[in-house]
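K.L.:
All I have is the shape, not the residue letters:
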């Protein structure tokens, strides 16, 4: 086991991790700045939430098609198309404030979503590709390391977004905000260059089974996929109520601007990277489900406490710590997800994972934005905490005994 973990990562995996790091810089900048950019132009909280919802819904539609199609091959081509789309969206956002063009760029560019460097609706392609290149016992560790790189890039991007405000010594105007779209543009160009150096992955040989065995296996996989969708609906709605609007919430509740909000968000991403490495270590000792319950249970308590404190820096500290707990588990949860099916259906199961998160997460910003705009700055957090609690209960019940939840555990000698 020790020898396996010391083995160098496959070349494609290293390139995919580099792509995530590059993309995350632009995504981190947009998480910090995009909602505040729309706010500076006079958009209401409901309108901002609607734009974010549109991006998530369009992403869900694309995911439905892309994931299963990628199981047939040409994963590299799908990702090339994604990076090209991001380049076009960033260019449009840089050169126009026409509402319908800006909305279209935001929807297809995923601005403000914060995908941690993943390829947005095309991320099932990446997950399936990495799972093909890695043995089961290495997935939790490598997926967590991949997430840590994404969070580190998001932190750097958020800080870069705040740099102009620090230099000028005042809040950004609309024109200055538009220059920040250079960050997702350059990030996508670097990601595309790395992707062009990667090679199309080879599918592993199918396991030989009788027709009856294949049917039984397919039914069991379908049952697990259905359970995955159910728990993710709860998780996605909980995240969507507050997550995409968190910079806007800090601005409305505490009357702060990008120059102080962005560093806090950046610190949250940095601790998210540490959380990912911590989750990897815990998963090797106790398994995925125990790790998820421990870290996300702590995050749930911090989420409920955030809106109750009256001081900006205390609320930001709670947000940062919660980010370390919640974000840290993403890699190990992805590793469990791709272990629920055979290699020939990993694009499908990764798509279900994303869709069942994205659709309810798309509803969340509209509900949360409307409540925030009406002055209800606490209720969305409390509803989210309740939903997170239900999610954890069902996660344990559904996946606590599955072999994928215990893959890669290192027994103490």
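P.N.:
Arrived safely, thanks for sending. Nothing here was measured: the structure is a model prediction, and the numbers come from that model.

K.L.:
and after the lowest-mean-pLDDT helix or strand in the chain, which helix or strand comes next?
P.N.:
Among the helices and strands of the chain, helix 2-6 carries the lowest confidence by mean pLDDT, DSSP states H and E, at a mean of 47. Scanning forward in sequence from helix 2-6 by DSSP states H and E, the next helix or strand is helix 11-40.

K.L.:
Can you tell me the SS state at the residue most central in space within the chain?
P.N.:
The residue lying closest to the centre of the chain (CA atoms, centre = their mean) is residue 115, at 3.6 Å. Three-state call for residue 115 (DSSP: H, G, I helix; E, B strand; the rest coil): coil.

K.L.:
correct me, but it touches residue 26?
P.N.:
No - the pair residue 115 and residue 26 does not pass the contact test of CB atoms under 8 Å, sitting 10.3 Å apart. For the C-beta atoms, the positions are set from N, CA and C on the backbone; glycine is no exception.

K.L.:
overlap in contacts of those two?
P.N.:
Common neighbours of residue 115 and residue 26 (criterion: CB atoms under 8 Å, 6 or more residues apart in numbering): none identified.

K.L.:
quick one, strands of the stretch 251-400 of the chain?
P.N.:
For the stretch 251-400 of the chain, applying DSSP state E, counting those that start in this stretch gives no strands.

K.L.:
that older thread, look up the closest residue to the residue nearest to the centre of the chain, ignoring the ones flanking it.
P.N.:
residue 27 (5.7 Å; CB to CB, 6 or more residues apart in numbering).

K.L.:
for residue 187, same thing?
P.N.:
residue 26 (3.4 Å).

K.L.:
Please list all residues in contact with that neighbour.
P.N.:
Contacts of residue 26 (CB under 8 Å, 6+ apart): 86, 90, 157, 183, 184, 185, 186, 187, 188.

K.L.:
now the second one: how far from residue 191?
P.N.:
Okay, so that is residue 90. According to CB to CB, to the nearest Å, residue 90 and residue 191 sit 12 Å apart.

K.L.:
Could you check which of the two is surrounded by more residues?
P.N.:
Legend: neighbour count by other CB atoms under 10 Å for residue 90 and residue 191, higher for residue 191 (29 against 25).

K.L.:
What helices and strands are in contact with the helix or strand containing the more buried one?
P.N.:
Per DSSP H and E, residue 191 falls inside helix 182-196. Where contact means 3 or more CB pairs under 8 Å, 6 or more residues apart in numbering; DSSP states H and E, helix 182-196 is packed against helix 11-40, helix 75-95, helix 136-168.

K.L.:
Now do that helix and helix 11-40, the angle between them.
P.N.:
Orientation check (axes from the mean of the first three to the mean of the last three CA atoms, to 10 degrees): helix 182-196 against helix 11-40 gives 160 degrees.

K.L.:
Go ahead and name everything in contact with helix 182-196.
P.N.:
15, 18-19, 22-27, 29-30, 76, 79-80, 83-84, 86-87, 89-91, 94, 109, 111, 157, 160-161.

K.L.:
I'd like the distance from it to the chain centre, please.
P.N.:
18 Å (CA atoms, centre = their mean, to the nearest Å).
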